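Chemist: model the structure of this input:
(chains A and B)
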Amino acid sequence: MTVRTRFAPSPTGYLHIGGVRTALFCWLFARRHGGQFILRIDDTDQQRNVEEALAPILHGLHWLGIDWDEGPEVGGPYGPYYQSQRGDRYQAAVEKLLAAGAAYYDYATTEELQVEREAAEREKRVFLSSRRFMAETAVDRARFEAEGRKPAVRLKMPREGTLVIQDIIRGDVAVDWAREQDHVIQRADGSFLYHLANVVDDYDFKITHVIRAEEHLSNTPRQIFIAQSLGYDLPIYAHLPFVAEPGSKTKLSKRKLDKYLKNADFATLLKHGRKVADALGLTVDQNTFNPVVVDFYEQVGYLPEAITNYLALLGWALDDQTEHFSRAELIQHFSLERVNKAAASFDPKKLWSFQDRHMQRLTLEQKVERVVPYLQRAGIVEHCGAGETPAPQERAKIEHVIRAAGDRIKTSGDILDYVYFFVADDHLVYDEKAVAKSLQKLGAAELLAKYCGQLAVVESFEAQPLEQMTHAFVEAQGVKIGDIVHSLRAAVTGQSVGLGLFDSLAILGKASCLSRIERMLKQLESSNNKCPD
RNA sequence: GCCCCCUUCGUCUAGUGGCCCAGGACAUCGGAUUCUCAGUCCGAGAACAGGGGUUCGACUCCCCUAGGGGGUACCA
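Modeler: As a prediction, this is how the structure comes out:
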């Protein structure tokens, strides 16, 4: 038997982290077993432009490397893969259920049902429809229709016995049939409901393993009833625990994006993301530029492998030690048997640490590749358009910055923290606080001027010799190294924090360093003249 | 309300009756390294929801309670 799993998103306009975790598990399981992963679009209830609302979801899956064997864009032998286009299949199923006595036309109005429901509640018993308006014969139908009633099709659920759902993750779950409502499968307007569509599609697509979120566990009985009434073999079920909100066990929801922004850890991620977006001059969508939406991570320059690594560990673990997984290792080791039962809350800080770790393992080459598009989009790297490769000397400089930055570049977008290496000397922007803190100190300018003279005669403008020279200089001057480094840094980079100072000098090169220092000295001089205090 | 599911450090988890006075990771807090920052290294604190059983022995099995979550739609 070939394993076939599916992920069935609704076109909502964005891919959220909980949804993608479900997709990942389905995908991982299929890949682990050399099976197929199918993408089906649950758009039965869709008013909006489906393609438009679907695009970000497909894009997010592509970005994460979750590829599908059948579905939108790629087609497949069992299509169409959009529920909105499968009406004839659902209609046939409804008719079959009707014929088998597993469903009926119900002519009750919502209000009439509501009355029954409330009565049941008052009497503290399980609500079950009285089936007063159930029509199982043409005669009944004609009678109700003469009253001007419109029918919906309901499942005629069993009212006795017990169903045992076998679930890989949860074991056997027993439920009484008599608790199950006669759910509507086709609306009065002829449209179909999720449960029916879902069962028919899973069967048509030959899905072997239904891997989905826990919220569907309670819905499973009615789906099993539909499947059995239609004579289908049951798929194997695996109900995944929720991805919960940080600091809570409530399911991460699509509709509470704003709320998550108030969480301190989300806020930290968002702040970092905004910094990158600002540096790019990006106008971000306030609604979806949000750490709960996958697209956010792509824009900021996270690594897809870091995200999938983190997400895989949200509800699954291989053992008590291993945490770092490449995508291939994930495929190799994933199993549903080791999926947890309890909801796991999403921890932005931990995701960040995975990102950090994956970034650290990248080669220089790989980092350059990822970082260059950000420099291009920010208009920093000249002489080349997007998609083109930077000129050799420019590339060398980028490499130099990345090497010197070490672990400081946590996301690709972080390269934009170092744009001051790339701007023209007379365009360097100084951070006022940095200048005030170090350069406006008494004697700082004089010391810097002297140092500048030394710098001018350095032959090998590399980090090591520069450091040696500087140490010799401070010793000769009888000052501490700290007296020069901070003002020097501020003068050449405009910042109070940054890469190693000598690396920074080397990256800029002698000419830039001298010109930036001179510019700063002049600036200090003129401001001193203006306000002599 | 009713039904179902879940419950180990703040968080993600390991643990399937003795290896556990509970292991790892993130986070936190110390300390070391350093020109800042990032890192790195060393170290610390931190949990079996509660109560009953079963057993020579329970984090592990059973029951109850509590808490959390989900479902209960002509939503998906």
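Chemist: drop to CA atoms for contacts and neighbour counts, all remaining ones
Modeler: Noted.
Chemist: and stretch A:219-238, what's buried?
Modeler: Within stretch A:219-238, the residues scored as buried using 16 or more other CA atoms under 10 Å are A:220-227, A:229-230, A:232, A:234-235, A:237-238.
Chemist: so which of those residues sit within helices?
Modeler: A:220-227, A:229 (DSSP state H).
Chemist: now the residues you listed as CSV including pLDDT?
Modeler: Below are those laid out as CSV (pLDDT from 0 to 100):
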residue, pLDDT
A:Thr220, 96
A:Pro221, 96
A:Arg222, 96
A:Gln223, 97
A:Ile224, 97
A:Phe225, 97
A:Ile226, 97
A:Ala227, 97
A:Ser229, 97
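Chemist: near RNA strand B too, which of these?
Modeler: When contact is defined as CA under 7 Å from any atom of the strand, these do not meet RNA strand B at all.
Chemist: I figured A:Gly65 was touching A:Ile307, is that so?
Modeler: No. A:Gly65 is beyond contact range of A:Ile307, at 10.7 Å (criterion: CA atoms under 8 Å).
Chemist: so if I had to pick from the two, which one is more boxed in?
Modeler: Comparing A:Gly65 with A:Ile307 by other CA atoms under 10 Å, the one with more neighbours is A:Ile307, at 21 against 15.
Chemist: and that one, which of the three is it?
Modeler: helix (DSSP: H, G, I helix; E, B strand; the rest coil).
Chemist: tell me who's in contact with it.
Modeler: Applying CA atoms under 8 Å, 6 or more residues apart in numbering to A:Ile307 gives the contacts A:64, A:351, A:354-355.
Chemist: any idea which helix or strand carries A:Tyr105?
Modeler: strand A:103-106 (DSSP states H and E).
Chemist: what sits closest to A:Asp182 if chain neighbours are left out?
Modeler: Among residues not flanking A:Asp182 along the chain, A:Leu155 sits closest, at 4.9 Å (CA to CA, 6 or more residues apart in numbering).
Chemist: burial of that neighbour, as a residue count?
Modeler: A:Leu155 has 25 nearby residues by other CA under 10 Å.
Chemist: what sits opposite it in the beta ladder?
Modeler: Beta-bridge pairing for A:Leu155 (DSSP bridges): A:Ala103.
Chemist: just checking, it touches A:Glu180?
Modeler: No. Using CA under 8 Å, A:Leu155 makes no contact with A:Glu180, being 9.9 Å away.
Chemist: hmm, back to that, output the strand holding A:Tyr105 as CSV, restricted to C-alpha atoms.
Modeler: Only the C-alpha atoms of strand A:103-106 are listed here, as CSV (Å, rounded to 0.1, in the frame of the first residue of the first chain):
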residue,chain,number,x,y,z
ALA,A,103,-29.5,10.3,5.1
TYR,A,104,-32.8,12.1,4.8
TYR,A,105,-34.4,15.2,3.7
ASP,A,106,-35.1,17.4,6.6
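Chemist: residues of it that come out buried?
Modeler: Going by neighbour count (16+ other CA under 10 Å), the buried part of strand A:103-106 is A:103-106.
Chemist: could you list the residues in contact with it?
Modeler: With CA under 8 Å, 6+ apart as the criterion, strand A:103-106 contacts A:94, A:97-98, A:131, A:133-136, A:141, A:151-157.
Chemist: for those residues, which one is nearest RNA strand B?
Modeler: Nearest to RNA strand B out of the contacts of strand A:103-106 is A:Ala152 (CA to the nearest atom of the strand; 4.9 Å).
Chemist: what's the nearest residue to that closest one once chain neighbours are set aside sitting at in phi/psi?
Modeler: In space, and not counting its chain neighbours, A:Ala152 is closest to A:Ala188: 4.4 Å by CA to CA, 6+ apart. When read as degrees, to the nearest 10, the backbone of A:Ala188 gives phi -60, psi -30.
Chemist: taking the stretch 251-400 of chain A, what residue is nearest to RNA strand B?
Modeler: A:Gly315 (2.9 Å).
Chemist: residues in contact with the closest residue to that residue other than its chain neighbours?
Modeler: Once flanking residues are discounted, A:Gly315 sits nearest to A:Asn340: 5.0 Å by CA to CA, 6+ apart. Neighbour list for A:Asn340: A:169, A:240-241, A:315-316 [criterion: CA under 8 Å, 6+ apart].
Chemist: any chance of those residues in CSV, plus secondary structure, neighbour count and pLDDT?
Modeler: Output for the contacts of A:Asn340, formatted as CSV (DSSP: H, G, I helix; E, B strand; the rest coil; neighbours: other CA atoms under 10 Å; pLDDT from 0 to 100):
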residue, secondary structure, neighbour count, pLDDT
A:Ile169, coil, 18, 95
A:Leu240, strand, 28, 96
A:Pro241, coil, 23, 95
A:Gly315, coil, 20, 95
A:Trp316, strand, 20, 97
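Chemist: switch these over to CSV; also include distance to A:Gly500.
Modeler: Listed next are the contacts of A:Asn340 as CSV, based on distance: CA to CA, whole Å:
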residue, distance to A:Gly500
A:Ile169, 51
A:Leu240, 47
A:Pro241, 46
A:Gly315, 40
A:Trp316, 40
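Chemist: which elements pack onto the helix or strand in which A:Asp278 is found?
Modeler: Assessed by DSSP H and E, A:Asp278 sits inside helix A:264-280. Applying 3 or more CA pairs under 8 Å, 6 or more residues apart in numbering; DSSP states H and E, we find helix A:264-280 packed against helix A:257-261, helix A:294-300, helix A:348-360.
Chemist: hmm, try it at 7 Å
Modeler: helix A:348-360 (3 or more CA pairs under 7 Å, 6 or more residues apart in numbering; DSSP states H and E).
Chemist: buried sites along the helix it packs on?
Modeler: A:348, A:351-352, A:354-356, A:358-360.
Chemist: then stretch A:86-98?
Modeler: For stretch A:86-98, a neighbour-count test (16+ other CA under 10 Å) marks A:86-87, A:90-91, A:93-94, A:97-98 as buried.
Chemist: stretch A:316-323 now?
Modeler: In stretch A:316-323, counting by 16+ other CA under 10 Å, buried: A:316-317.
Chemist: cool, stretch A:433-441 as well?
Modeler: So, applying 16+ other CA under 10 Å, buried residues of stretch A:433-441: A:434-435, A:438-439.
Chemist: filter those down to the ones near RNA strand B?
Modeler: Counting by CA under 7 Å from any atom of the strand, no member of those is near RNA strand B.
Chemist: now, which of these sits nearest RNA strand B?
Modeler: Closest to RNA strand B, out of all of the buried residues of stretch A:433-441 and judged by CA to the nearest atom of the strand, is A:Ala434, at 9.9 Å.
Chemist: where's the residue of chain A most remote from its centre relative to A:Ser10, distance?
Modeler: The centre of chain A is farthest from one residue, A:Ala476, which by CA atoms, centre = their mean lies 55.4 Å away. Separation of A:Ala476 from A:Ser10 (CA to CA, to the nearest Å): 71 Å.
Chemist: repeat for A:Asp202
Modeler: In terms of CA to CA, A:Asp202 sits 16 Å off from A:Ser10.
Chemist: quick one: is stretch A:393-406 near RNA strand B?
Modeler: Yes. Counting by CA under 7 Å from any atom of the strand, contacts between stretch A:393-406 and RNA strand B involve A:Gly406.
Chemist: list the buried ones in that stretch?
Modeler: A:397-405.
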